[in-house]
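> Take this sequence and fold it.
(2 chains)
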There are 2 protein chains.
Amino acid sequence: MEVSLEIIGQKLKERQNILILTHQNPDGDTLGSGMALYYALKQMGKRACVLCSDPFPQKFGYLFTKYQQEEIHPDLVVSVDVADTKLLGKVSGCYADQIEICIDHHISNRIEAPMRYIDAKAAATCEIIYQLIQVLGETITKEIANCLYTGIITDTGCFKFSNTTPRTHQITAALMELQCDFESINRKLFDTKTRGQIEVERTVLDSMEFYQENRIALVVVPQKLVQETKIDSADLDGIASIPRQIEGVEVGITLKERPEGGYKASVRTCLYADASAICGKLGGGGHVRAAGCAINRPLEEAKQLILDAAVQALAQ
Amino acid sequence: MEVSLEIIGQKLKERQNILILTHQNPDGDTLGSGMALYYALKQMGKRACVLCSDPFPQKFGYLFTKYQQEEIHPDLVVSVDVADTKLLGKVSGCYADQIEICIDHHISNRIEAPMRYIDAKAAATCEIIYQLIQVLGETITKEIANCLYTGIITDTGCFKFSNTTPRTHQITAALMELQCDFESINRKLFDTKTRGQIEVERTVLDSMEFYQENRIALVVVPQKLVQETKIDSADLDGIASIPRQIEGVEVGITLKERPEGGYKASVRTCLYADASAICGKLGGGGHVRAAGCAINRPLEEAKQLILDAAVQALAQ
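Prediction:
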């Protein structure tokens, strides 16, 4: 049921042992949301835990400086930035049926929970968590500001994506007043590349293929390259934005070979093609400009499937 | 003399034919400031003209959609974002002695004018122009919002650089309310690369060399490559930031071969090395984190000279 942040705040105040679930392949928004809520709950004297089925990526380590892992027997389970219980992954998935509060900004959210707060106009779930912490009457400390800032810049691509709103900048202005470490966070997340990343980028640029009069660009990231360069999956995220950056390209496709075989496709679009429609055809989903899906086929078949879907989207 | 924006506003109201001077090698902030002020003055029924010694770069073309070139006999000359009359270049330089109003955010501003408004805390001169247009009581139209947004994002690197403040985000929130075309502007300025740029980046990544336990990264951009890819100099700017982005690199050096022979060195540093000291040793200069110099030597000698200077800077 859709409820207000006030009702969610009330529930959080009532309970004592709160488990926060984030999505697998965690990004800055799910981790920033989870950790900001965690710090606020700790201020309120609660026991709390942030759970993720995958390890926290190293580059987001600064979010966890004051995190203290504790075993809890949850009397309340909250999911943040998780659009579907399928995205919880194995570990967090065990709690899928126990989610009482679901906080998210994906319009496609499919989690059934007694208390849902889905604001698809929020550029990041962190925008909602910012409002929730205010409703709770808790201080936004510098740690919390760093978490919220992280979710906002990762989900808006530094305020560049179409989901950015006046409210995004207003909230960010407030986080800047709180002295969040915006400069070092930006350097870490956007202006630092490992040599592995450089190596992968070089290979990706070398292997880029163009289709449909250069309106589609496709790159493949083989598992062998990922292993040789020891690049971690969070560092691979930036790769997906490369094909779309090329002048004239409307649909950028990245096919990442998975360790278990098959491919993960990331689709990015520029102006008119619907990325979520392209991935939806293959059982995935996402946003209009950024979406993804899994394709359990050998390379050439995977390519053909995603290209066919992209060509259809271009025709519409 | 330092004056308030109210006094500057009064002067603009009194005069009828206003010439706006921008700096040479124009960037988004000087052009955004000049054009925003131009549109506001046109709303006030003035005759106005924006002058630049260099051609307006094509990528900023959207700033000029409603610009109407007219010959004026100026009764008021205003400079925007120009730190020194030397930076006006040849054409605008003719008016150096006639500047009555100087609006800028460079702390090093050396222009002597009867009315100066220098706010070094403004991330961009466009922040000041935003305030000035409000003082003038003029509507901030979508065209004006696009100009101001452009200056802000180019001078802050999309809100990433240390000069960004809460006010920067507050003003941007207001510009977003006015429906500025933030998405297409960002795509144009930051997320679009020509195939020539991609080609140059690929070659640069292929040829990168590391020294001093990877604390120095050096790339060479041969003139042959520039000519083959037909890349223009504004599009080459981004290349200089690549070597510094690599994890662990403190000094990033780009050696660009000049059409007339010899090399232009661009030096970028991360945390502690002084780029202006490195370039100063070879007759150049700049800021602590970004500097440049010319080296009239064959490649191997040029490399050795700049590397020696960088090694010295690392030792300090």
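> Which residues are in contact with the residue lying closest to residue A:281 once chain neighbours are set aside?
Among residues not flanking residue A:281 along the chain, residue A:309 sits closest, at 4.4 Å (CB to CB, 6 or more residues apart in numbering or on different chains). Heads up, the C-betas are built off the backbone N, CA and C, glycines and all. Residues near residue A:309 by CB atoms under 8 Å, 6 or more residues apart in numbering or on different chains: A:277, A:278, A:279, A:281, A:282.
> Is residue A:55 in a helix, a strand, or coil?
coil (DSSP: H, G, I helix; E, B strand; the rest coil).
> same deal with residue A:48?
Strictly by three-state DSSP, residue A:48 counts as strand.
> my guess is it contacts residue A:18, does it?
Yes - assessed by CB atoms under 8 Å, residue A:48 is found in contact with residue A:18 at 4.7 Å.
> what do those two both touch?
A:41, A:72.
> you'd agree residue A:53 is up against residue A:95?
No - counting by CB under 8 Å, residue A:53 does not reach residue A:95; the two are 10.6 Å apart.
> Between the two, which contacts overlap?
The contact sets of residue A:53 and residue A:95 overlap at residue A:88 (CB under 8 Å, 6+ apart).
> can you list the residues of the stretch 151-300 of chain A near chain B?
With CB under 8 Å from any CB of the partner chain as the criterion, the stretch 151-300 of chain A comes near chain B at residues A:158-162, A:164-170, A:172-174, A:176-177, A:182-183, A:186-187, A:190-195, A:198, A:201-202, A:205-206, A:208, A:241, A:244-247, A:270.
> Whichever of those residues end up buried, select them in PyMOL.
Restricted to buried positions by 16 or more other CB atoms under 10 Å in any protein chain shown, the PyMOL selection for these reads:
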select buried, chain A and resi 158+159+160+161+162+164+165+166+167+168+169+170+172+173+174+176+182+186+187+190+192+193+194+195+198+201+202+205+208+244+245+246+270
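> Strands along chain A, start to end?
Ranges of strands in chain A, per DSSP state E, are A:17-21, A:47-51, A:76-80, A:99-104, A:115-118, A:209-211, A:216-221, A:251-257, A:263-269, A:285-286, A:290-295.
> Tabulate these in JSON lines, adding columns for mean pLDDT and mean neighbour count.
Formatted as JSON lines, those follow (pLDDT from 0 to 100; neighbours: other CB atoms under 10 Å in any protein chain shown):
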{"stretch": "strand A:17-21", "mean pLDDT": "98", "mean neighbour count": "24"}
{"stretch": "strand A:47-51", "mean pLDDT": "97", "mean neighbour count": "21"}
{"stretch": "strand A:76-80", "mean pLDDT": "98", "mean neighbour count": "27"}
{"stretch": "strand A:99-104", "mean pLDDT": "98", "mean neighbour count": "24"}
{"stretch": "strand A:115-118", "mean pLDDT": "98", "mean neighbour count": "19"}
{"stretch": "strand A:209-211", "mean pLDDT": "94", "mean neighbour count": "15"}
{"stretch": "strand A:216-221", "mean pLDDT": "94", "mean neighbour count": "22"}
{"stretch": "strand A:251-257", "mean pLDDT": "95", "mean neighbour count": "24"}
{"stretch": "strand A:263-269", "mean pLDDT": "94", "mean neighbour count": "26"}
{"stretch": "strand A:285-286", "mean pLDDT": "83", "mean neighbour count": "20"}
{"stretch": "strand A:290-295", "mean pLDDT": "92", "mean neighbour count": "21"}
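> Residue A:57 is nearest to which of those?
Evaluated with CB to CB, these place strand A:47-51 nearest to residue A:57, the distance being 13.7 Å.
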